[in-house]
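**Student:** Dropping a prediction and its sequence here:
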Amino acid sequence: MSVEAHVHYEVVIGLEVHTQLRTESKLFCSCRVRYGDDPNHHTCPVCLALPGALPVLNTRAVEFGVRTALAMNCTVHPRSIFARKNYFYPDLPKGYQISQYEEPLATNGWIEIDGEEPGGRSFAKRIGITRIHMEEDAGKSIHDAAVTGGGSSHVDLNRAGVPLLEIVSEPDLRSSTEAGAYLRTLRQLLRYVDVSDADMEKGHFRCDANVSLRKRGEKEFGIRNEIKNLNSFRYVEDAIRIEIERQARVLDDGGRIIQATRLYDPATGKTRVMRTKENADDYRYFPDPDLVPLALEPAFIERARLTLPELPERRRIRFESDYGLSAYDARLLSVSRSLADFFEAVVAARVPAKMAANWILRDVLQALKEREQEIEETKLTPEALAALLGLLDGGRITAKSARELLPELVDRGGDPTELVSVRGLEAVSDSALIERAADEVIAAQPENVQRFRAGEEKILNFLMGQVMKKTGGKASPGAVREILARKLKA
Amino acid sequence: MTGPLGTLSELRAQLDGRKTSSRELTEAALARAEALEPKLRAFVGFRPERARAEAAEADARMTLGERRSALEGIPVAIKDNMVQAGEPTTCGSRILAGFVSPYDATVVTKLRRAGAVIIGRTNLDEFAMGSSTENSAFGPSRNPWDLTRTPGGSSGGSAAAVAAGVVPLALGSDTGGSIRQPAACTGIAGIKPTYGRVSRYGLVAFASSLDQIGTFTRSAADSAAALEVLCGHDPHDSTSLPEPVPPYTQRLSGDVSGLVIGLPREYLVEEGVDPGVLQCVREAVAELERCGAKTREVSLPHTKYAIATYYLIATAEASSNLARYDGVRYGHRAANAKDVGLMYRRTRSEGFGAEVKRRILLGTYVLSAGYYDAYYRKAQQVRTLLRRDFEQAFAGCDLIATPTAPEVAFRLGEKASDPLRMYLSDVYTVSANLAGIPGLSIPCGFAHGLPVGLQLLGKPLDEATVLRAADSYQRRTDWHSRRPPEPA
């Protein structure tokens, strides 16, 4: 949005996110949740909607839903109701989707987001969560027209009945950047509590955005448009930005916004109307008589609360206070639960926290990035990193050797102490060897020696580097400094 | 022609005494069914070869002294809205043409494990919507007492088959009276247990919150034996009840002394009931009193709203339950539709009959935005009041006695063009479905030469008391032993 539009209008955004729960089986039958198998392989009378079949709720999915709701500070309701959302579509086998409507699983929560606008303004705010409810996914339609240009369509029901959580935010977001920050925080949280892969590219995490503008200072919300089909973070931000600009232009020209559902087309970078309010579907929701109300015992909710891990926000604050890390480092380390766990395990193995943080954030993350892997996918264990850093800290190896060994530990694992001795990487503190190297350097660098002796003390670092080089990087830096300083002052 | 088969307990005794075999009984049932079918049209399909094989297996077990249950080796029939692996299920509808179920309904599994032999599938009103079987796509079934009359419905085929002595036991489903009303029309025992007592898994849904499977037999004692096999919790049906199943047959003490039978003021003076029917019911109650039962007047003040409430809730649920018949995965699909919208429209226009369409339209309407509160939500509130009526009434009595239907079996075609009159056939029965309580109909006399049904309603999960009272009555009367004339 142009700067002028910002001056006149306030942007109001609410997001609806659908995230797939990582249960073994579907929400209402025991078919496996799996992708990439032959079409309609994971189906049964229930998810095929054969005559007479009945749904039975997957308790694990409920547990995941409750865990998510608690992590998002929601009120989990002791009673919620599954309802039928009726509409006809070939990949919707029953002719209705089992969802929750009037009485959802949880309501009234919030999450904290922060970030920085492209202009530099930073924000940190609480975004309200209106509701979280459970529902089943539909199947997938495959149209020949789109693939081969043929005229038939096919339906794959492997996905039909897969459990989803719908998470609806309050209209608390004020820019596309905030929307992006909200989605990233949400994804992080879902992964932290281990209920969803929340992978947007795989369609595990889908977003619809409600966008409206209102004149600054106005209390009433403007007319909103819902944008669907947002399947990457970039698309969400782009689509919202484009929609804000479109609405601002309409309002600037004295026009009125018409409530509509729009589709975002990333190819053209435009949204187009899918349907307007006048021809909106009537889903004829009513409580599903095949399912009893979902009654959650307080003990069930408490158990779910006990299985919650420490959440990222809390952990970041604790990393700052317990380990004396900078806010920046603490944030980076708590981004993913596995990385934060890894860090704490290294510290628990008696590595100074700052040293562990530096190595993980620089060297380990670099290695992960090169390999496009998550920490848990590598062979590197916290114990191995701790051992490696222990060797470094004790002067038994040099930083250079440690950096050399790290990729091997990442790819193949192993015991650092053993590797050091096999490779002959022990730091050299043999003074005879260092003294010889120092003498050679002093002889070869008369000019620099002269400058040092004239009081240019930082030349010492350069000369040290030369000595290290001569010892093949294995000399202990402490010993080199001491010997070189002595000789230069002599 | 093969004569009528005996009652369940008679056949049980014959099998246990090695006087006959399951194979013989199965042949007799198939032969009688075949002979009567042109007149009765009670069945939609038979499975003679599989039935014979199953009968042979039952005989083999019994020879070894193994008897799985009281139903071991007994030929039975099921209503064609309960699925059975390898068999077509039509629900009396063209829309399921060609559909063969790959799985068994829980009741079918239970019958098989009990050793029963399912000989065939019985006719019904399309998707169990109706009170006469006239809404079947395969034509109406006939009442063995008078072939010009309907056997009632929607489980009319099962009722006709048991009344005509083809099988001693048939399963039906009862959403608003679809077991009890045909049982009354054909002079046999029909019981709808408490909602959730028999699993609905594999019962093709009409109205999920009202549907309940039950039995047709010649006597209440036979119903008790069959229910022991069929009742019980099923993890595949979330609405199935977890309570243990009592041994119903052991509770048939023949003693009703001290039982208090409630007579609802609203049912017994209501206009629109045949005086002959009312007379039989009054005499039946008097007989129970002579056995030692006490009577007292009770009130069910919201009864007058029951039919309206029922038709709002049942149609709303049906409109959604029947959405799956869309031509995409199985059953009928209209030919040459050029897009999916047209395919849906034509498939469903061609596949469903008039009554089913009427109910889908009505149900869609009552759930629509702007009407939901006025109709569906209001109906649910009234349903709560009706349930409360029964709770209050049962605080002062053990059973409630009413006529099952306001009149005896009516003529084919008599009400076919007047759906509202047809709906009133259910006036005494729908309340039990709305309240979820058990209800049974047993014959208690004749009016205009046709059987009259006495309905006994019980407290939730108290099938045992309902059956005990009915059995006690049948120990002192012989209405249940009367058989229709053999068709010429």
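**Tutor:** Right, received. Where do you want to start? Numbering: from 1, shown residues only, chains lettered A, B, ... in the order given.

**Student:** Close to chain B: what parts of chain A are there?
**Tutor:** A:45, A:48-57, A:84, A:86, A:88, A:90, A:93-96, A:153, A:155, A:282, A:284-286, A:289-292 (C-beta under 8 Å from any C-beta of the partner chain). Bear in mind the C-beta positions are built from the backbone N, C-alpha and C, glycine included.

**Student:** Residue 441: what's it in contact with?
**Tutor:** No chain in the question, so chain A it is. Contact analysis of residue A:441 by C-beta atoms under 8 Å, 6 or more residues apart in numbering or on different chains lists A:463, A:466-467, A:470, A:484.

**Student:** that's the other chain; I wanted chain B
**Tutor:** Contacts of residue B:441 by C-beta under 8 Å, 6+ apart are B:179-181, B:183-184, B:189-191, B:404, B:453-456.

**Student:** and it, helix, strand or coil?
**Tutor:** Under the three-state scheme (DSSP: H, G, I helix; E, B strand; the rest coil), residue B:441 adopts strand.

**Student:** Okay, and the beta partners of it?
**Tutor:** Bridge pairing for residue B:441 (DSSP bridges) gives the partners residue B:190, residue B:455.

**Student:** Just the pLDDT for it.
**Tutor:** According to the predicted model, the pLDDT of residue B:441 comes to 98.

**Student:** I'd guessed residue A:76 sits against residue A:70; true?
**Tutor:** Yes. Under the criterion of C-beta atoms under 8 Å, residue A:76 makes contact with residue A:70 at 6.5 Å.

**Student:** which neighbours do the two share?
**Tutor:** When contacts are counted by C-beta under 8 Å, 6+ apart, residue A:76 and residue A:70 are jointly contacted by residue A:301.

**Student:** what ranges do the helices span in the stretch 351-490 of chain A?
**Tutor:** Along the stretch 351-490 of chain A, the stretches classed as helices by DSSP state H, counting those that start in this stretch are A:353-359, A:365-371, A:382-393, A:399-411, A:416-423, A:431-444, A:446-453, A:459-470, A:477-489.

**Student:** I'd like to know which elements the fifth one is packed against.
**Tutor:** Applying 3 or more C-beta pairs under 8 Å, 6 or more residues apart in numbering or on different chains; DSSP states H and E, one finds that helix A:416-423 contacts helix A:382-393, helix A:399-411.

**Student:** before we move on, the earlier item: quick check on the residues of chain A next to chain B: which are buried?
**Tutor:** A:45, A:48-57, A:84, A:86, A:88, A:90, A:93-96, A:155, A:284-286, A:289-291 (16 or more other C-beta atoms under 10 Å in any protein chain shown).

**Student:** hmm, back to that, could the helices of the stretch 351-490 of chain A go into JSON lines alongside mean pLDDT?
**Tutor:** Below are the helices of the stretch 351-490 of chain A laid out as JSON lines (pLDDT from 0 to 100):
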{"stretch": "helix A:353-359", "mean pLDDT": "95"}
{"stretch": "helix A:365-371", "mean pLDDT": "91"}
{"stretch": "helix A:382-393", "mean pLDDT": "92"}
{"stretch": "helix A:399-411", "mean pLDDT": "90"}
{"stretch": "helix A:416-423", "mean pLDDT": "87"}
{"stretch": "helix A:431-444", "mean pLDDT": "84"}
{"stretch": "helix A:446-453", "mean pLDDT": "86"}
{"stretch": "helix A:459-470", "mean pLDDT": "85"}
{"stretch": "helix A:477-489", "mean pLDDT": "82"}
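
**Student:** For residue A:232, find the nearest of those.
**Tutor:** Relative to residue A:232, the nearest member of those by C-beta to C-beta is helix A:365-371, separated by 19.8 Å.

**Student:** Residue B:255 and residue B:475, how far apart?
**Tutor:** According to C-beta to C-beta, to the nearest Å, residue B:255 stands 10 Å off from residue B:475.

**Student:** ok, now residue A:93?
**Tutor:** In terms of C-beta to C-beta, residue A:93 sits 51 Å off from residue B:475.

**Student:** And for residue B:226?
**Tutor:** 19 Å.

**Student:** go on, residue B:382?
**Tutor:** Distance of residue B:382 to residue B:475, given as C-beta to C-beta: 39 Å.

**Student:** same deal with residue A:86?
**Tutor:** 51 Å.

**Student:** Check the chain and tell me which residue is nearest its centre.
**Tutor:** Just so you know, I chose chain A. Geometric centre of chain A, nearest residue: residue A:188, 3.9 Å, by C-alpha atoms, centre = their mean.

**Student:** could you do chain B instead?
**Tutor:** Note: chain B centre (C-alpha atoms, centre = their mean) maps to residue B:179, 2.3 Å.
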